[in-house]
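Colleague: here is a sequence with its predicted model. Questions after.
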Amino acid sequence: MELERARKIADEVVKRLSPYCSKIEVAGSIRRKKPTVNDIDLVLVPSDPWNFNAELKKLGQVKVSGQKIIRVMTGSTQLDIYVADENTWATLLLIRTGSAENNIRLASKAKKQGWHLAASGEGLFDATGERIAGDTEYSIYKALGLKWELPEERG
């Protein structure tokens, strides 16, 4: 679907879910401002799980309901919701914004340094397993010695 249509759907979903979240942001190709969007990706931190889950069911058919990902079909649009906590928020937002090529570049750069960028959103870890970045997207780029890139510059 076209970016503008996807953005409108995403904004409506954010409006409906935000009262039950401490943080919520659109990720994926919408955040990267790609002209064509396949699905809608959200990263959020629920603050009121009971009402959050009730509102989710009103959005459409829940296809997958796990602790880390929830997939909802709202009409013919797939909505992928990535559930974070305060610790995983920034890294999960970075990874779920993509692009896949950018994620591979970041993970490869980490690996070359003997580090690990956790796809789970836990952060960037050094060879000893100590978390060295992940409180912000910027912190990961900085730790890897890379120039900060806005989402729309990430491919």
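Modeller: All right, it came through fine.

Colleague: now the lowest-mean-pLDDT helix or strand in the chain: buried residues?
Modeller: Of all the helices and strands that make up the chain, the one with the lowest confidence by mean pLDDT, DSSP states H and E is strand 61-65; it has a mean of 91. Across strand 61-65, burial judged by 16 or more other CB atoms under 10 Å covers no residue at all. For the C-beta atoms, the positions are set from N, CA and C on the backbone; glycine is no exception.

Colleague: what's the first helix or strand after it?
Modeller: Following strand 61-65 in sequence order, the next helix or strand is strand 69-74 (DSSP states H and E).

Colleague: what packs against the least confident helix or strand of the chain?
Modeller: strand 69-74 (3 or more CB pairs under 8 Å, 6 or more residues apart in numbering; DSSP states H and E).

Colleague: partners of the strand it packs on in the sheet?
Modeller: Note on strand 69-74: by DSSP bridges, its sheet partners are strand 61-65 (antiparallel), strand 77-83 (antiparallel).

Colleague: so Thr77 touches Asp39, yeah?
Modeller: Yes: at 7.0 Å, Thr77 counts as touching Asp39 under the criterion of CB atoms under 8 Å.

Colleague: of these two, who's got more company?
Modeller: Per other CB atoms under 10 Å, whichever of Thr77 and Asp39 has more neighbours is Thr77, with 19 against 15.

Colleague: hey, where'd the strands end up in the chain?
Modeller: In order along the chain, the chain carries the following strands (DSSP state E): 21-26, 40-46, 61-65, 69-74, 77-83, 116-118, 123-125, 131-133.

Colleague: could you dump the ones you listed to CSV with distance to Ile140?
Modeller: Output for these, formatted as CSV (distance: least, CB to CB, whole Å):
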stretch, distance to Ile140
strand 21-26, 16
strand 40-46, 15
strand 61-65, 27
strand 69-74, 21
strand 77-83, 17
strand 116-118, 7
strand 123-125, 5
strand 131-133, 5
